[in-house]
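Undergrad: Dropping the sequence and predicted coords here.
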Amino acid sequence: MHFKYLILTSIVSLISIQTNAQFFAVSANAAPDNMKSAAKKAFPTQKQNFPTVADTTNIYNDMLNDESDDLMENHPAGDIFNDNWSSERINPYKVPIQSMPDSVLIDCSDFVMPVTGGRVSSKFGPRRYRYHYGIDVAIQPGNEIRSAFNGKVRVIDYDAGGYGNYVVVRHDNGLETVYAHLSFVKAKLNQHVKAGEELGLSGNTGRSTGPHLHFETRYVGNAFNPATLIDFTEGKVFASNYTLTKRKNFYYQQAARTQSLAKYYKIRKGDNLGRIAARNGTTVTKLKRLNGITKGNKLQPGQKLKIR
């Protein structure tokens with residue numbers, strides 16, 4: 001509403017200028033010829049195109065009917081560096097998928113590839129015992145890791161059993177990105193960063209089987225597949241204005257929830273299906289169906305069976 005007030009004030013000023021200009025024009029025409037001549041010499045005239053009352057009225061009406069400033073206030077970046085700001089949690093929003101808008105337009109025009117070189121070694125999606133919420137890019141330690149968009153560093157932390165050294169950046173366009181397994185973090189907490197600005201160096205820290213960058217894209221805390229936004233082969237976004245939708249980007253949530261509820265049992269020496277079923281409150285038939293066990297399969301110590 002501050003924006004509308006400023007526009008209205010400007011319009012009133014324009015009308016006032018126009019009225020005064022018209023008054024002086026009439027007065028000048030009514031003056032004697034000798035006074036007109038003297039005035040022209042003292043004040044050389046230049047043609048002025050003042051807006052008419054009709055023009056300013058149309059501008060005002062258009063402004064009243066235009067809700068773009070309200071939309072800007074509701075844009076995810078409107079209070080992006082104030083609302084739900086936490087330096088301790090990767091997802092401080094806790095917004096369920098059903099509460100998200102059906103679609104939102106994301107400005108990706110400032111995108112810079114977060115790492116140069118490397119190859120995608122692990123995709124977004126289900127793994128055997130858990131869900132993988134990002135994309136892994138295999139890269140040797142010591143390579144520069146850069147911010148994908150303009151934004152502000154929200155989290156810098158270390159997770160020994162997962163991300164290792166990691167950085168979370170909240171971006172001007174409403175997205176957040178996660179950069180994990182870093183060997184060194186250069187960025188500072190609450191630092192404003194430009195797209196392409198160095199955050200740290202690639203590494204192999206935390207739960208990692210080899211040097212790589214684990215990269216995530218999130219919207220109000222919910223991860224979505226970075227490969228739907230970024231062409232990792234070409235090193236660019238698919239569109240400067242990207243439409244994020246519940247149906248396209250968050251379809252996996254049900255599958256991920258189902259997998260998170262799954263339970264596994266590690267086979268011990270001397271175990272058989274009957275004993276395992278009794279110990280876990282299930283049946284041999286269910287164990288066979290969940291694990292694709294046929295008559296010829298043998299149980300091996302250390303093997304994991306899905307219980308539910």
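TA: Nice, thanks for sending it over.
Undergrad: all helices of the stretch 51-200 of the chain, in order?
TA: With DSSP state H, counting those that start in this stretch as the criterion, the stretch 51-200 of the chain has helices at 53-65, 68-74.
Undergrad: Domain map for this protein?
TA: Following automatic domain parsing, the chain resolves into domains at 2-73, 105-259, 263-306.
Undergrad: which of those has the lowest average pLDDT?
TA: Of all the domains of the chain, the minimum mean pLDDT falls on domain 2-73 (a mean of 41).
Undergrad: Once you drop chain neighbours, what's closest to Gln191?
TA: Val153 (4.7 Å; C-beta to C-beta, 6 or more residues apart in numbering). Every C-beta, even on glycine, is put in place using the N, C-alpha and C of the backbone.
Undergrad: Report the separation between the one you found and Asn280.
TA: To Asn280, Val153 is 45 Å away according to C-beta to C-beta, to the nearest Å.
Undergrad: what about the two, which has more around it?
TA: Val153 (21 against 15; other C-beta atoms under 10 Å).
Undergrad: which residues touch the more buried one?
TA: With contacts defined as C-beta atoms under 8 Å, 6 or more residues apart in numbering, Val153 is in contact with Val167, Val168, Val169, Ala187, Lys188, Leu189, Asn190, Gln191, Val193, Leu199.
Undergrad: out of the residues you listed, which are buried?
TA: With burial judged by 16 or more other C-beta atoms under 10 Å, the buried subset of the contacts of Val153 is Val167, Val168, Val169, Ala187, Gln191, Val193, Leu199.
Undergrad: The first one contacts His181, doesn't it?
TA: No - judged on C-beta atoms under 8 Å, Val167 makes no contact with His181 at a distance of 10.9 Å.
Undergrad: Around the closest residue in space to Asn143 that isn't next to it in sequence, count how many other residues there are.
TA: Leaving out its chain neighbours, the residue that sits closest to Asn143 by C-beta to C-beta, 6+ apart is Ser202, at 4.4 Å. Applying other C-beta under 10 Å, we find 26 residues neighbouring Ser202.
Undergrad: For the residue lying closest to Lys123 once chain neighbours are set aside, give me its contacts.
TA: Nearest residue to Lys123 in three dimensions, chain neighbours excluded: Ile135, at 6.2 Å (C-beta to C-beta, 6+ apart). Neighbouring residues of Ile135 by C-beta under 8 Å, 6+ apart: Val120, Ser122, Lys123, Phe124, His214, Phe215, Glu216, Asn225, Pro226, Ala227, Phe232.
Undergrad: Tyr251 too?
TA: Contacts of Tyr251 by C-beta under 8 Å, 6+ apart: none found.
Undergrad: Please, where are all the strands along the stretch 151-300 of the chain?
TA: Applying DSSP state E, counting those that start in this stretch to the stretch 151-300 of the chain gives strands spanning 151-159, 164-171, 175-182, 184-185, 192-193, 198-201, 212-219, 222-224, 230-231, 236-237, 241-245, 264-266.
Undergrad: ok so, going back, for Asn82, state which of the contacts of Val153 is nearest.
TA: Closest approach to Asn82 among the contacts of Val153 (C-beta to C-beta): Asn190, at 12.2 Å.
Undergrad: roughly how far apart are the residue nearest to Gln191 and Gly162?
TA: Taken as C-beta to C-beta, the span from Val153 to Gly162 is 19 Å.
Undergrad: And Arg89, by the same measure?
TA: Distance of Arg89 to Gly162, given as C-beta to C-beta: 14 Å.
Undergrad: and what of Arg247?
TA: 29 Å.
Undergrad: again with Asp136
TA: Between Asp136 and Gly162 the computed distance is 13 Å (C-beta to C-beta).
Undergrad: Looking only at neighbour counts, state which of the two leads.
TA: Asp136 (22 against 14).
Undergrad: surely that one meets Phe124?
TA: No - using C-beta under 8 Å, Asp136 is not in contact with Phe124; the gap is 9.4 Å.
Undergrad: burial measure for Gly281, as a count.
TA: The burial count for Gly281: 8, using other C-beta under 10 Å.
Undergrad: and the gap between it and Gly274?
TA: Gly281 is 13 Å from Gly274, by C-beta to C-beta.
Undergrad: quick one: contacts for Arg146?
TA: Arg146 neighbours (C-beta under 8 Å, 6+ apart): Val112, Met113, Pro114, Val115, Ala195, Gly196, Glu197, Glu198, Leu199.
Undergrad: Any of these buried? List them.
TA: Val112, Met113, Pro114, Val115, Ala195, Gly196, Glu197, Leu199.
Undergrad: could you redo those as TSV and give each row distance to Pro141?
TA: As requested, those are arranged in TSV below (distance: C-beta to C-beta, whole Å):
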residue	distance to Pro141
Val112	21
Met113	18
Pro114	16
Val115	12
Ala195	24
Gly196	21
Glu197	20
Leu199	15
